[in-house]
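Undergrad: the following block contains a protein sequence and its predicted model.
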Amino acid sequence: MCGIVGYVGRQQALEVVVGGLRRLEYRGYDSAGVAVIADGTLSVRKKAGKLVNLQTLLGEDPLPGSTTGIGHTRWATHGGPTDSNAHPHVSEDGSIAVIHNGIIENFAELRQELTAAGVQLSSETDTEVVAHLLARELPAADHDLTGAMLSVCSGLEGAFTLVAIDARHPDVVVAARRNSPLVVGIGDGENFVASDVAAFVDYTRQALELGQDQVVTITATSVSVVNFDGTPALVTPFEVDWDASAAEKGGFDLFMLKEIAEQPRAVADSLRGRVDADNRIQLDEMHLSEQDLRSIGKVVVVACGTAFHAGMVAKYAIEHWTRIPVEVELASEFRYRDPIVGADCLVIAISQSGETMDTLMALRYAAAQGARTLAICNTVGSTIPRESDAVLYTYAGPEIAVASTKAFLTQIIASYLVGLYLAQVRGQMTAPEIHAVMDDLNDMPHAVDLALDTVDGVRAIARQFADATSVLFIGRHVGFPVALEGALKLKELAYMHAEGFAAGELKHGPIALIEEGVPVVVVVPSPRNRAVLHDKIISAIQEVRARGAVILAIAEEGDDKITSFADHVIRVPIVPALMQPLVSTVPLQVFACEMATAKGHDVDQPRNLAKSVTVE
Ligand code: G6P
């Protein structure tokens, strides 16, 4: 969380930086701020609230023209979302400005030390100490900002990306990274640093991945990277494989609607090139040996939020195909419960951003216990894939709306590919069996496209439910995680009480929540291949209907039996049982989006949330 961008080059820095912040606003929107250097003077503007507030301020109180600048969009941790806590933070003499993403854990001691030395702090943030520490270290570093940054970083604890500029060195931007994201954009006569390539993809697609504990110094024409100990660092160049238009709304009112609509393409891209000429699954990025994969006795999936739900879906498929036990753990809980993980474990970290701190920490814990680690990730160059033994990228393209949609579907696809690959390597499935599942998967872009036909119907129903105080979601088998995901979407976007349950659990407690008029969304299993479950879910519907619930059923085409048990039915295409989440999730995404819109909420930037949660 928090988006940061730094620029030095030949254009108006403010334009580049504010454009970058617009692209990074998904990372937090409690406040925004910028700093530029012009004629040897540092100028700062910052404002609580979304970026638009800062833009208004910049209109009223313009900054001078400059080719060096930094900008920040904040998700508050230390200190409320006020103007004074907004970044950048500035040294007492007004010459150094700093922006930060992460948490400086020893900030209280550092604040005390600075206060004792007579420094006046003007915010409640952990970040501000860095501006004062840089000012203190500069003389000892011969007034070299990079040197000062290195010595300040050596005294910091926690996770941080820091970017600093100094009025006395107007052509330099210095950034440091420990456990927080930072990428460098290499332009022509201009260079960039940012939390995410989205900030500079308008200008360049050439980028550098930084490692942990590194400091990068950019000028308009140079980039140099050193480790925290001052030694030259190895960095990996990469090319961003999407362009700026992918991060625009492209005619849709909301990023979320655009991203929902992109799902057929995202699924197709995530499946592309996974089978070789001999019809065997090949996972190019999967750098774990077949020997390693054959020795696995257990799979553990660690993830958060929507990615956790994708892991729950994956469990059904991977266990079915490989007969390897699969545990799915909330990443934030994993390492605190003394889990049983060792060399015979494959730990799969699922993360759209590749930065979620809870997931990263779980992954590191697993690696330290000797487990093999695999990342399923949507962001090339991010920390989680970099720290994993193997990676399988999803090709969802940039996901800007805070509530995850296309990433979820592609995470399911990627974990299914891992399951099939494991089954292939271990001889658990025959080639024709794997081929048949791949055929089913290859039908999914079209099926998801058909599921998008539900959009108008779902929107109309959602409007009718907009005044409900609570919505329950139930499902069975792979429909259970889909129910959880439907409820999460509604909480995130419509700020409503929403809960997902395994339908069979209703009678063990949640049924007490049912009263007259409560909407219950039912993810109905197929009557063809899951006839027993279909009958059982009808029983669950009967139980809640008898107590006044209003039923919205998500059922497959041709499931006529469901009609008389539901108040509303949304039809999704007929697909194999394990593929059902790929189609039944779509109407639930639209449902939440429409409920939030009906309530007048900001769908793409829901309150209190951030897309990329880089604190534990
Ligand atoms: C945050 C987001 C969720 C997301 C979760 C995991 O909580 O608001 O939408 O599912 O993080 O994110 P990741 O990037 O690890 O998939």
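TA: Ah, there it is.

Undergrad: please enumerate the strands of the stretch 351-500 of the chain.
TA: For the stretch 351-500 of the chain, the strands defined by DSSP state E, counting those that start in this stretch cover 372-377, 390-393, 470-475, 497-502.

Undergrad: surely H568 and I554 touch.
TA: No. With contact defined as C-beta atoms under 8 Å, H568 does not reach I554; the gap is 9.7 Å. Bear in mind the C-beta positions are built from the backbone N, C-alpha and C, glycine included.

Undergrad: got the residues of the stretch 201-350 of the chain near the ligand?
TA: 304-307 (C-beta under 6 Å from any ligand atom).

Undergrad: leaving out the residues flanking it, which one is nearest to the residue in the stretch 51-200 of the chain positioned nearest to the ligand?
TA: Residue of the stretch 51-200 of the chain nearest the ligand, by C-beta to the nearest ligand atom: W75 (10.5 Å). Spatially, and ignoring its direct neighbours in sequence, W75 is nearest to G28 (2.7 Å; C-beta to C-beta, 6 or more residues apart in numbering).

Undergrad: A596: what's it in contact with?
TA: Counting by C-beta atoms under 8 Å, 6 or more residues apart in numbering, A596 touches 493-495, 603, 606.

Undergrad: E190 versus G509, what's the distance?
TA: Distance, G509 to E190, by C-beta to C-beta, to the nearest Å: 59 Å.

Undergrad: against which helices or strands is whichever strand or helix holds D535 packed?
TA: In the assignment (DSSP states H and E), D535 maps to helix 531-545. For helix 531-545, the packing partners by 3 or more C-beta pairs under 8 Å, 6 or more residues apart in numbering; DSSP states H and E come out as strand 470-475, strand 519-523, strand 550-556.

Undergrad: could you dump these into CSV with mean pLDDT, distance to the ligand and mean neighbour count added?
TA: Shown next, in CSV, are those (pLDDT from 0 to 100; distance: least, C-beta to the nearest ligand atom, whole Å; neighbours: other C-beta atoms under 10 Å):
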stretch, mean pLDDT, distance to the ligand, mean neighbour count
strand 470-475, 96, 17, 26
strand 519-523, 97, 19, 27
strand 550-556, 96, 21, 23
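
Undergrad: out of these, nearest to H534?
TA: Comparing the helices and strands packed on helix 531-545 against H534 with C-beta to C-beta, the closest turns out to be strand 550-556 (9.1 Å).

Undergrad: helix or strand right after the closest one?
TA: Counting by DSSP H and E, what follows strand 550-556 is strand 568-572.

Undergrad: that next one pairs with which strands, parallel or anti?
TA: strand 550-556 (parallel) (DSSP bridges).

Undergrad: have a look at G509 and E190 and say which one is more surrounded.
TA: E190 (22 against 9; other C-beta atoms under 10 Å).

Undergrad: hang on, the earlier thing: what angle do strand 497-502 and the helix holding D535 make with each other?
TA: 140 degrees (axes from the mean of the first three to the mean of the last three C-alpha atoms, to 10 degrees).

Undergrad: alpha carbons of helix 531-545, as PDB, please.
TA: Only the C-alpha atoms of helix 531-545 are listed here, as PDB (Å, rounded to 0.1, in the frame of the first residue of the first chain):
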ATOM      1  CA  ALA A 531     -26.900 -34.600  -8.700                       C
ATOM      2  CA  VAL A 532     -26.600 -35.400  -5.000                       C
ATOM      3  CA  LEU A 533     -25.300 -32.000  -4.200                       C
ATOM      4  CA  HIS A 534     -28.000 -30.400  -6.300                       C
ATOM      5  CA  ASP A 535     -30.700 -32.100  -4.300                       C
ATOM      6  CA  LYS A 536     -29.000 -31.200  -1.100                       C
ATOM      7  CA  ILE A 537     -28.800 -27.500  -2.000                       C
ATOM      8  CA  ILE A 538     -32.500 -27.500  -2.900                       C
ATOM      9  CA  SER A 539     -33.100 -28.800   0.600                       C
ATOM     10  CA  ALA A 540     -31.000 -25.900   1.900                       C
ATOM     11  CA  ILE A 541     -33.000 -23.500  -0.200                       C
ATOM     12  CA  GLN A 542     -36.200 -24.900   1.200                       C
ATOM     13  CA  GLU A 543     -35.000 -24.500   4.700                       C
ATOM     14  CA  VAL A 544     -34.200 -20.800   4.300                       C
ATOM     15  CA  ARG A 545     -37.200 -20.000   2.100                       C
END
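
Undergrad: how close does the closest residue to the ligand within the stretch 401-550 of the chain get to K46?
TA: Going by C-beta to the nearest ligand atom, the ligand is nearest to S404 of the stretch 401-550 of the chain, at 4.0 Å. Using C-beta to C-beta, S404 is found at 29 Å from K46.

Undergrad: per the annotation, how does this protein divide into domains?
TA: Residue ranges for each domain of the chain read 3-247, 255-442, 451-598, as given by automatic domain parsing.

Undergrad: so which of those is nearest E616?
TA: Among the domains of the chain, domain 255-442 sits nearest to E616 (C-beta to C-beta), with 4.8 Å.

Undergrad: endpoint to endpoint, that closest one covers what distance?
TA: 26 Å (C-alpha to C-alpha, to the nearest Å).

Undergrad: please apply the same query to stretch 264-282.
TA: End-to-end for stretch 264-282, by C-alpha to C-alpha: 22 Å.

Undergrad: any idea how far it is from the chain center?
TA: Taking C-alpha atoms, centre = their mean, to the nearest Å, one finds the center of stretch 264-282 at 23 Å from the center of the full chain.

Undergrad: over to stretch 196-210?
TA: So, by C-alpha atoms, centre = their mean, the centroid of stretch 196-210 is 17 Å from its chain's centroid.

Undergrad: any buried residues in that stretch, and which?
TA: Burial within stretch 196-210, assessed by neighbour count using 16 or more other C-beta atoms under 10 Å, is assigned to 196-210.

Undergrad: give me the residue at the spatial middle of the chain.
TA: For the chain, the residue sitting closest to the mean C-alpha position, by C-alpha atoms, centre = their mean, is S353 at 3.8 Å.

Undergrad: pull the number of nearby residues for the closest residue to that residue other than its chain neighbours.
TA: What sits nearest to S353 in space, not counting adjacent residues and going by C-beta to C-beta, 6+ apart, is S612, at 4.3 Å. Using other C-beta under 10 Å, S612 is surrounded by 27 other residues.

Undergrad: do M438 as well
TA: Neighbours around M438, by other C-beta under 10 Å: 18.

Undergrad: helices of the stretch 201-350 of the chain, residue ranges please.
TA: For the stretch 201-350 of the chain, the helices defined by DSSP state H, counting those that start in this stretch cover 255-261, 263-271, 290-294, 305-322, 331-334.

Undergrad: got the residues of this protein near the ligand?
TA: Residues of the chain lying near the ligand by C-beta under 6 Å from any ligand atom: 304-307, 351-353, 356, 359, 402-404, 609, 611-613.

Undergrad: ok, these vs A436, which is closest?
TA: Closest to A436, out of all of these and judged by C-beta to C-beta, is A307, at 27.5 Å.

Undergrad: list the residues that contact the residue lying closest to T217 once chain neighbours are set aside.
TA: Closest residue in space to T217, ignoring its immediate chain neighbours: T146 at 4.7 Å, by C-beta to C-beta, 6+ apart. Going by C-beta under 8 Å, 6+ apart, T146 touches 172, 174, 215, 217, 224, 226.

Undergrad: state the phi and psi torsions of T146.
TA: phi -60, psi -50 (degrees, to the nearest 10).

Undergrad: so how far is V225 from it?
TA: In terms of C-beta to C-beta, T146 sits 10 Å off from V225.

Undergrad: what sits in contact with each of those two?
TA: In contact with both T146 and V225: 215, 217, using C-beta under 8 Å, 6+ apart.

Undergrad: roughly how far out does stretch 472-481 sit from the chain middle?
TA: Worked out by C-alpha atoms, centre = their mean, stretch 472-481 lies 23 Å from the chain centre.
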